[in-house]
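**Student:** based on what follows, work out the 3D shape:
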Amino acid sequence: MSQETDPQKPASPKTDWPVLEIKIAALAIGVVLCVLLGALLLSGAATAVNATNSIEFCTSCHEMADNNLAEYQTTIHARNRTGVKAVCSNCHVPHEFPDILIRKVTAVKDIYHHLAGTVDTKEKFAEHRLELAKTVWKRMEETDSRECRTCHDRSAMESEKQGKVAQKEHQHLDDGSATCIDCHYGIAHKLPKGNFDIDEIIAGFKKH
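**Tutor:** Next up is the predicted model:
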């Protein structure tokens, strides 16, 4: 005898709990995988940045090894009484994200010029030296000498231990009318040869 359904008794609602649990589990796994992938990419990026920031990497091409490296090794940034030195990336690469990644991407042009042989001899390097210097001076002017300031903290300077001229000039840092590169150019590399007014060039960057 078949059991009749009571028309007055509501039917038991169907449940989708098994399907819902599967979706939640899949979502959780997806999130975990994304986090792990992100961590792996960040770790890889950090490793790549550290490797390409080393002086060994920067001077691995003969353009730098034959020109800038020899000059740098005789400057106070490379050798001094305290033994604290700055390498290429300390001055030429931003120290914070995302600026550091942007700088690495724009540095691809250096690979192009290496392959094209733009400055592959001392003579070519000397010919393009002013152009190269202007690029660095302009960047430092636009960033308020950001890379310099990562090591040279104005607030930590003991002005009374500085010369009279330095004390006077450093006051311009306080009111924002000057930045480090306005005075401290040619301290890690030789200045380009030729007839040009470096103060006029740097002043020109301030107008833009």
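**Student:** how many neighbours does residue 72 have?
**Tutor:** Per other CB atoms under 10 Å, the neighbour tally for residue 72 reads 22. Just so you know, the C-beta spots here come from the backbone N, C-alpha and C atoms, and that holds for glycine as well.
**Student:** verify the contact between it and residue 189 for me.
**Tutor:** Yes: with contacts counted by CB atoms under 8 Å, residue 72 reaches residue 189, the gap being 6.8 Å.
**Student:** which neighbours do the two have in common?
**Tutor:** Jointly contacting residue 72 and residue 189 under the rule CB atoms under 8 Å, 6 or more residues apart in numbering is no residue at all.
**Student:** quick one: low-confidence parts of this protein?
**Tutor:** Where the chain drops to pLDDT under 70, the residues are 1-17, 208.
**Student:** please, where are all the helices along it?
**Tutor:** Secondary structure of the chain by DSSP state H: the helices cover 17-52, 55-58, 62-66, 68-72, 88-92, 99-106, 108-116, 122-142, 146-149, 164-174, 198-206.
**Student:** going by neighbour count, list what's buried in the longest one.
**Tutor:** Right, helix 17-52. Neighbour counts using 16 or more other CB atoms under 10 Å place residue 49 of helix 17-52 among the buried residues.
**Student:** how about stretch 62-69?
**Tutor:** Under 16+ other CB under 10 Å, the buried positions of stretch 62-69 are 63, 64, 67, 68, 69.
**Student:** and it, how far out from the chain middle?
**Tutor:** Using CA atoms, centre = their mean, to the nearest Å, we find the averaged C-alpha position of stretch 62-69 to lie 21 Å away from the chain's own average C-alpha position.
**Student:** ok, the nearest residue to residue 173 once chain neighbours are set aside - how many residues close by?
**Tutor:** Counting by CB to CB, 6 or more residues apart in numbering, the nearest residue to residue 173 once its immediate chain neighbours are dropped is residue 154, at 5.2 Å. Residue 154 has 11 neighbours, counted by other CB under 10 Å.
**Student:** just residue 125 next, same as before
**Tutor:** Residue 125 has 17 neighbours, counted by other CB under 10 Å.
**Student:** OK, contacts around it?
**Tutor:** Contact analysis of residue 125 by CB under 8 Å, 6+ apart lists 63, 66, 67, 119.
**Student:** same question, residue 59
**Tutor:** Residues touching residue 59, when contacts are defined by CB under 8 Å, 6+ apart, comprise 65, 68, 69, 88.
**Student:** cutoff 7 Å now
**Tutor:** Residues near residue 59 by CB atoms under 7 Å, 6 or more residues apart in numbering: 65, 69.
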